[in-house]
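Asker: heads up, no residue letters with this:
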């Protein structure tokens, strides 16, 4: 099961203790993934992405925002896309908020 760690924690994986950081993506056996989710240390990757996309949709300034960002802040757009695709939802959220702030100030 694909999960995203939401709070740092230590977990026994493959016979040794591993320190997991918030934002890390893992593919774990269902039972171990469910334990982390139930304990509040992780969430299913699909749910995290859906929640972030819903948040992006709710905050979207509309209009020509994304083309404007791509044109004027291509590096920021690229960082956002890389973070989102890599599963670094914390950075994706931060870059998204930065893009909205820049667009609103324009």
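Answerer: Structure received. Since the structure is predicted, the reported quantities are computational estimates derived from the model, not experimental observations.
Asker: how many neighbours does residue 105 have?
Answerer: Counted with other CB atoms under 10 Å, the neighbours of residue 105 add up to 6. All C-beta spots, glycine's among them, are computed from the backbone N, C-alpha and C.
Asker: show the contacting residues for it.
Answerer: Not one residue lies near residue 105 by CB atoms under 8 Å, 6 or more residues apart in numbering.
Asker: please verify my assumption that residue 103 contacts residue 70.
Answerer: No. Here residue 103 does not reach residue 70: they are 11.2 Å apart, not a contact under CB atoms under 8 Å.
Asker: distance check, residue 90 against residue 45.
Answerer: 14 Å (CB to CB, to the nearest Å).
Asker: who's more crowded, residue 103 and residue 70?
Answerer: residue 103 (19 against 14).
Asker: roughly how far apart are the more buried one and residue 53?
Answerer: Separation of residue 103 from residue 53 (CB to CB): 18 Å.
Asker: again with residue 99
Answerer: 15 Å.
Asker: what's the mean pLDDT across the helix or strand encompassing residue 33?
Answerer: Element membership for residue 33, per DSSP states H and E: helix 30-38. For helix 30-38, mean pLDDT is 88.
Asker: okay, buried residues for it please.
Answerer: Neighbour-count burial for helix 30-38 flags 32, 33, 36, 37 (criterion: 16 or more other CB atoms under 10 Å).
Asker: repeat for stretch 71-90
Answerer: Residues of stretch 71-90 classed as buried by neighbour count (16+ other CB under 10 Å): 73, 76, 77, 79, 80, 83, 84, 87, 88, 89.
Asker: list the pairing partners of the strand or helix carrying residue 10 within its sheet, with orientation.
Answerer: Assigned by DSSP H and E, residue 10 belongs to strand 9-13. Strand pairing for strand 9-13, using DSSP bridges, gives strand 16-20 (antiparallel).
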